[in-house]
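[1] let's see this in three dimensions:
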Amino acid sequence: MLDGDAVRYDGEFFKIPFPYETGVENYPAWELAKKSGAIGEIGAKNEVRAVSVVPAPYQRPHPPVFMATSTSIEFIWHWAQQPTEDVLREMTMLIEEVLPKLDLEGPRRRFEAARANGHAAHAD
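    Numbers count the residues shown, from 1 in each chain. Next comes the predicted model:
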(Lines give C-alpha, C1' and ligand atoms only; values in the text may rest on other atoms or scores of the structure.)
Protein backbone atom coordinates (compact mmCIF):
# COMPACT_ATOMS: atom_id res chain seq x y z
CA MET A 1 0.00 0.00 0.00
CA LEU A 2 2.67 2.51 0.99
CA ASP A 3 5.91 2.41 -0.98
CA GLY A 4 8.30 5.00 0.41
CA ASP A 5 6.60 8.33 -0.23
CA ALA A 6 4.02 6.93 -2.68
CA VAL A 7 0.57 5.56 -1.86
CA ARG A 8 -1.35 2.75 -3.59
CA TYR A 9 -4.68 1.49 -2.31
CA ASP A 10 -7.12 -1.10 -3.64
CA GLY A 11 -10.26 -0.87 -1.52
CA GLU A 12 -13.90 -1.59 -2.17
CA PHE A 13 -14.86 2.08 -2.53
CA PHE A 14 -11.51 3.82 -3.05
CA LYS A 15 -8.71 3.06 -5.51
CA ILE A 16 -5.40 4.92 -5.56
CA PRO A 17 -4.68 5.37 -8.40
CA PHE A 18 -7.87 4.80 -10.32
CA PRO A 19 -8.06 2.56 -12.21
CA TYR A 20 -5.92 0.53 -9.81
CA GLU A 21 -5.26 -2.44 -12.10
CA THR A 22 -3.80 -0.52 -15.03
CA GLY A 23 -2.83 2.76 -13.40
CA VAL A 24 -3.64 6.10 -15.00
CA GLU A 25 -2.65 5.69 -18.63
CA ASN A 26 -1.80 8.59 -20.95
CA TYR A 27 -1.10 10.94 -18.04
CA PRO A 28 0.10 14.12 -19.78
CA ALA A 29 2.60 15.11 -17.06
CA TRP A 30 4.23 11.68 -16.63
CA GLU A 31 7.72 12.99 -17.38
CA LEU A 32 7.52 15.62 -14.65
CA ALA A 33 5.96 13.14 -12.20
CA LYS A 34 8.70 10.59 -12.94
CA LYS A 35 11.40 13.19 -12.40
CA SER A 36 9.89 14.85 -9.31
CA GLY A 37 7.73 12.17 -7.72
CA ALA A 38 8.43 9.14 -5.57
CA ILE A 39 10.19 6.03 -6.84
CA GLY A 40 7.63 3.73 -8.46
CA GLU A 41 5.04 6.46 -8.91
CA ILE A 42 5.30 6.17 -12.70
CA GLY A 43 5.32 2.67 -14.22
CA ALA A 44 7.30 1.17 -17.09
CA LYS A 45 4.67 2.28 -19.64
CA ASN A 46 4.62 5.84 -18.20
CA GLU A 47 1.35 5.24 -16.37
CA VAL A 48 0.62 6.54 -12.85
CA ARG A 49 0.99 3.54 -10.49
CA ALA A 50 1.02 5.41 -7.15
CA VAL A 51 0.44 8.92 -5.81
CA SER A 52 2.73 11.17 -3.78
CA VAL A 53 2.79 14.81 -2.70
CA VAL A 54 5.76 16.84 -3.89
CA PRO A 55 7.21 19.11 -2.90
CA ALA A 56 6.42 18.90 0.79
CA PRO A 57 5.31 22.21 2.28
CA TYR A 58 8.41 24.25 3.18
CA GLN A 59 6.81 26.30 5.95
CA ARG A 60 6.32 24.69 9.39
CA PRO A 61 3.60 24.58 10.38
CA HIS A 62 2.35 24.61 6.81
CA PRO A 63 -0.51 26.89 5.74
CA PRO A 64 -3.85 25.36 4.72
CA VAL A 65 -3.53 23.22 1.58
CA PHE A 66 -6.27 23.40 -1.05
CA MET A 67 -6.65 21.14 -4.06
CA ALA A 68 -8.64 21.93 -7.17
CA THR A 69 -10.66 18.99 -8.46
CA SER A 70 -13.28 18.33 -11.05
CA THR A 71 -15.79 15.55 -11.50
CA SER A 72 -18.77 14.50 -13.55
CA ILE A 73 -22.42 14.38 -12.53
CA GLU A 74 -22.24 10.60 -13.07
CA PHE A 75 -19.51 10.33 -10.42
CA ILE A 76 -21.55 12.36 -7.93
CA TRP A 77 -24.66 10.28 -8.67
CA HIS A 78 -22.72 7.03 -8.21
CA TRP A 79 -21.40 8.06 -4.78
CA ALA A 80 -24.79 9.40 -3.70
CA GLN A 81 -26.16 5.87 -4.11
CA GLN A 82 -23.46 4.16 -2.02
CA PRO A 83 -24.11 3.03 1.56
CA THR A 84 -22.58 5.91 3.49
CA GLU A 85 -21.58 3.78 6.48
CA ASP A 86 -19.48 1.42 4.32
CA VAL A 87 -17.80 4.28 2.48
CA LEU A 88 -16.95 6.09 5.73
CA ARG A 89 -15.65 2.88 7.30
CA GLU A 90 -13.24 2.31 4.40
CA MET A 91 -12.19 5.97 4.32
CA THR A 92 -11.42 5.86 8.05
CA MET A 93 -9.45 2.63 7.65
CA LEU A 94 -7.48 4.12 4.76
CA ILE A 95 -6.61 7.24 6.75
CA GLU A 96 -5.68 5.29 9.89
CA GLU A 97 -3.56 2.83 7.93
CA VAL A 98 -1.74 5.18 5.58
CA LEU A 99 -1.16 8.42 7.48
CA PRO A 100 1.01 7.00 10.29
CA LYS A 101 3.28 5.33 7.69
CA LEU A 102 3.85 8.39 5.52
CA ASP A 103 7.33 9.84 5.65
CA LEU A 104 6.13 13.43 5.58
CA GLU A 105 9.67 14.71 5.99
CA GLY A 106 11.04 12.64 3.06
CA PRO A 107 10.11 15.12 0.31
CA ARG A 108 11.43 17.98 2.45
CA ARG A 109 14.78 16.19 2.93
CA ARG A 110 15.06 15.61 -0.84
CA PHE A 111 14.20 19.27 -1.50
CA GLU A 112 16.81 20.47 1.02
CA ALA A 113 19.45 18.17 -0.53
CA ALA A 114 18.62 19.42 -4.03
CA ARG A 115 18.70 23.03 -2.86
CA ALA A 116 22.06 22.50 -1.13
CA ASN A 117 23.41 21.17 -4.45
CA GLY A 118 22.04 24.15 -6.38
CA HIS A 119 19.21 22.21 -8.07
CA ALA A 120 16.22 23.95 -6.46
CA ALA A 121 15.17 27.54 -5.94
CA HIS A 122 15.39 29.05 -2.49
CA ALA A 123 12.05 29.57 -0.75
CA ASP A 124 13.08 32.82 0.94
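
[2] could you look up the next helix or strand downstream of the helix or strand bottoming out on mean pLDDT in the chain?
    Least confident helix or strand of the chain, by mean pLDDT, DSSP states H and E, is strand 2-3 with a mean of 48. For strand 2-3, the following helix or strand on the C-terminal side (DSSP states H and E) is strand 6-7.

[3] next structured bit after that following strand?
    Next along the chain from strand 6-7, counting by DSSP H and E, comes strand 9-10.

[4] contacting residues around the next helix-or-strand element following that next one?
    Note on strand 9-10: by DSSP H and E, the next helix or strand toward the C-terminus is strand 15-16. Residues outside strand 15-16 that contact it (CB atoms under 8 Å, 6 or more residues apart in numbering): 7, 8, 9, 50, 51. Any C-beta I mention is one placed from the backbone N, CA and C, and that applies to glycine too.

[5] which one of those is nearest residue 91?
    residue 9 (10.6 Å; CB to CB).

[6] the closest one contacts residue 91, doesn't it?
    No. Using CB atoms under 8 Å, residue 9 is not in contact with residue 91; the gap is 10.6 Å.

[7] quick one: residue 33 is in a helix?
    Yes. Counting by DSSP: H, G, I helix; E, B strand; the rest coil, residue 33 is located in a helix.

[8] which residues in the chain form helices?
    With helices called from DSSP state H, the chain shows them at 30-36, 73-80, 84-98, 106-116.

[9] show me what counts as buried in the third one.
    So the one you mean is helix 84-98. residue 94 (16 or more other CB atoms under 10 Å).

[10] what angle do that helix and helix 73-80 make?
    Interaxial angle, helix 84-98 versus helix 73-80 (axes from the mean of the first three to the mean of the last three CA atoms, to 10 degrees): 90 degrees.

[11] might you calculate how far helix 84-98 sits from the centre of the chain?
    Distance of helix 84-98 from its chain centroid, counting by CA atoms, centre = their mean, to the nearest Å, is 17 Å.

[12] same deal with stretch 37-48?
    12 Å.

[13] got a list of contacts for that stretch?
    3-6, 17, 22-27, 30-31, 33-34, 49-52, 54.
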